[in-house]
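In: Test case, fold it:
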Amino acid sequence: MLAWSPNVDGLYEDVFPIVWKVSKFGKSGPYRATATYTAQLAFSRAQVESGKVISAATSVNINNGEKTTLTEANDVYHFSPPQAGTSGILQAQNHTGSIQEIAVGFVNRGDFMPTPVLYFSDVGYVTFPIFLLQSVHNTKFRDGSRVTAKFTPVLRAYITSDYEETSILRGQVDTPAIWSQDLTGLAQNTTWNLSRDANTGRYTITHA
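Out: Numbering: from 1, shown residues only. Model prediction:
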């Protein structure tokens with residue numbers, strides 16, 4: 001299982017990582033799985049069912065230093081075209097007049113909707129910055145509360161059969177991560193080998 005490892009205040013309280021990839025391998029023999037990540041980020045109005053982000057009602061691609069506003073008219077939700085904002089900050093403002101669920105994710109080439117990375121629950125309808133990159137601290141205001149975060153795309157791998165793709169992680173994964181990597185430090189294409197020690201039963205991931 002691949003899931004993100006955000007450094008964010010309020011983690012598992014009102015902001016939650018989302019399972020990205022789940023790959024099943026047989027007991028023996030060679031197997032292969034692929035995963036593609038891009039730096040094109042996006043906000044989406046998340047729809048949740050049975051603890052999973054099942055779709056996005058609307059979304060917008062956004063870049064570093066831009067802001068957008070979520071509005072509603074006749075039950076149709078819409079993010080405004082991004083405008084220049086504060087350097088280092090991606091900002092979404094909820095102007096729908098009601099509490100919303102918002103996700104931050106990325107958009108791979110050819111995809112119609114973004115892949116969710118972080119899920120923000122019960123987002124109040126006040127102006128708030130909700131996602132920041134790297135060394136700039138993020139503040140999210142909601143009904144007098146504040147969440148501060150620092151984000152880099154750190155991905156972790158786990159050996160587990162308890163989770164499904166797009167599941168919202170409401171708490172820490174019940175097994176320790178066997179691998180962790182900041183994706184900004186990788187080449188455009190990399191290959192990794194997953195192996196199991198027959199004597200100890202220990203799994204490892206190493207660069208091919």
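
In: what residue lies at the spatial centre of the protein?
Out: Closest to where the C-alpha atoms of the chain average out (C-alpha atoms, centre = their mean) is residue 117, at 1.0 Å.

In: which residues are contacting the top strand by length along the chain?
Out: With secondary structure taken from DSSP state E, the chain has its longest strand at strand 52-62. By C-beta atoms under 8 Å, 6 or more residues apart in numbering, the residues outside strand 52-62 that reach it are 18, 40-48, 68, 70, 77-82, 90, 92, 103, 107, 113-114, 116, 119, 164-168. C-beta here means a position set from N, CA and C on the backbone, and glycine is covered the same way.

In: Repeat that for stretch 198-208.
Out: For stretch 198-208, the surrounding residues in contact (C-beta under 8 Å, 6+ apart) are 157, 159, 178, 179, 190, 191, 192, 193, 194, 195, 196, 197.

In: who's in contact with the third one?
Out: Right, the one you point to is residue 178. By C-beta under 8 Å, 6+ apart, the contact set of residue 178 is 157, 158, 159, 203, 204, 205.

In: out of the residues you listed, which are inside helices?
Out: Among the contacts of residue 178, no residue falls in helices (DSSP state H).

In: Grab the nearest non-local neighbour of the residue nearest to the centre of the chain.
Out: Residue nearest to residue 117 in three dimensions, not counting chain neighbours: residue 105, with 4.7 Å by C-beta to C-beta, 6 or more residues apart in numbering.

In: which residues does the one you found form a beta bridge with?
Out: residue 42, residue 116 (DSSP bridges).

In: Would you check that it makes contact with residue 114?
Out: Yes: look at residue 105 against residue 114 with C-beta atoms under 8 Å: they come within range, at 3.8 Å.

In: Now list whatever residues contact both of these two.
Out: Residues touching both residue 105 and residue 114 (C-beta under 8 Å, 6+ apart) are 41, 42, 44.

In: burial of the last one, as a residue count?
Out: In this case it means residue 44. Residue neighbour count, defined by other C-beta atoms under 10 Å, stands at 27 for residue 44.

In: That one should be in a helix, yeah?
Out: No: Residue 44 is assigned strand when assessed by DSSP: H, G, I helix; E, B strand; the rest coil, not a helix.

In: can you pull the contacts of it?
Out: Each residue near residue 44 by C-beta under 8 Å, 6+ apart is listed here: 56, 57, 58, 59, 60, 102, 103, 104, 105, 113, 114, 116.

In: if you set the cut-off to 10 Å instead, what comes out?
Out: By C-beta atoms under 10 Å, 6 or more residues apart in numbering, the contact set of residue 44 is 53, 55-60, 70, 77, 79, 92, 101-105, 107, 113-116, 119.

In: Got a quick ChimeraX command for the buried subset of those residues?
Out: Burial among those is assessed by 16 or more other C-beta atoms under 10 Å; the matching ChimeraX selection reads:
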select :53,56,57,59,60,70,77,79,92,101,102,103,104,105,107,114,115,116,119
